[in-house]
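> Here is my input; please provide its structure:
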Amino acid sequence: MKYLGLLSNLYVFNFGLLFTHQIEGAYWREWEMFGIPVGITEYLILHFILLVGALYGYRLLLNRSRVGFVFSFLLAFTGIVAFPIHAFYVLGGHEEFTLAISWILLGTALAVSIIQAFLTYRVWQSSG
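Residues are numbered from 1 along each chain as shown. Below you'll find the predicted structure:
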């Protein structure tokens, strides 16, 4: 499949960006910013499940599974929506995620996610 190698590399890069952001989310106690009544334990359990799921999706993508393309779209969608959601909270006066590195991670994830979503569609369509 044309561009599958590039797509798989984008998946890994975006995965790294988004999960680094989630590490920062634990630092900022992101669940409190969003008003979600959980603590660090639930946050870590959820992110363990998401981490394993994203890795499984990568495996499926490498195997050219249609479900792997769905995982790639989901990862890209996450990166696309993360930026405006966090911008909304910061513009609303929250002090979390105001570091330069926060916006470098979110902005890069947004750009990579847009490219990943487009490329996922192209590779999926060419797979027959």
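
> hey, where'd the helices end up in the chain?
Secondary structure of the chain (DSSP state H): helices at 4-28, 30-33, 40-62, 66-91, 100-126.

> Mind giving me the packing neighbours of the fourth one?
Using 3 or more CB pairs under 8 Å, 6 or more residues apart in numbering; DSSP states H and E as the contact criterion, the neighbours of helix 66-91 among helices and strands are helix 4-28, helix 40-62, helix 100-126. Bear in mind the C-beta positions are built from the backbone N, C-alpha and C, glycine included.

> can you put these in a markdown table and add distance to residue 72, mean neighbour count and mean pLDDT?
Formatted as a markdown table, these follow (distance: least, CB to CB, whole Å; neighbours: other CB atoms under 10 Å; pLDDT from 0 to 100):
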| stretch | distance to residue 72 | mean neighbour count | mean pLDDT |
| --- | --- | --- | --- |
| helix 4-28 | 6 | 17 | 97 |
| helix 40-62 | 6 | 14 | 97 |
| helix 100-126 | 4 | 17 | 97 |
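
> Could you export those helices as JSON lines, including distance to residue 92?
Shown next, in JSON lines, are the helices and strands packed on helix 66-91 (distance: least, CB to CB, whole Å):
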{"stretch": "helix 4-28", "distance to residue 92": "15"}
{"stretch": "helix 40-62", "distance to residue 92": "21"}
{"stretch": "helix 100-126", "distance to residue 92": "15"}
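
> Thank you, goodbye.
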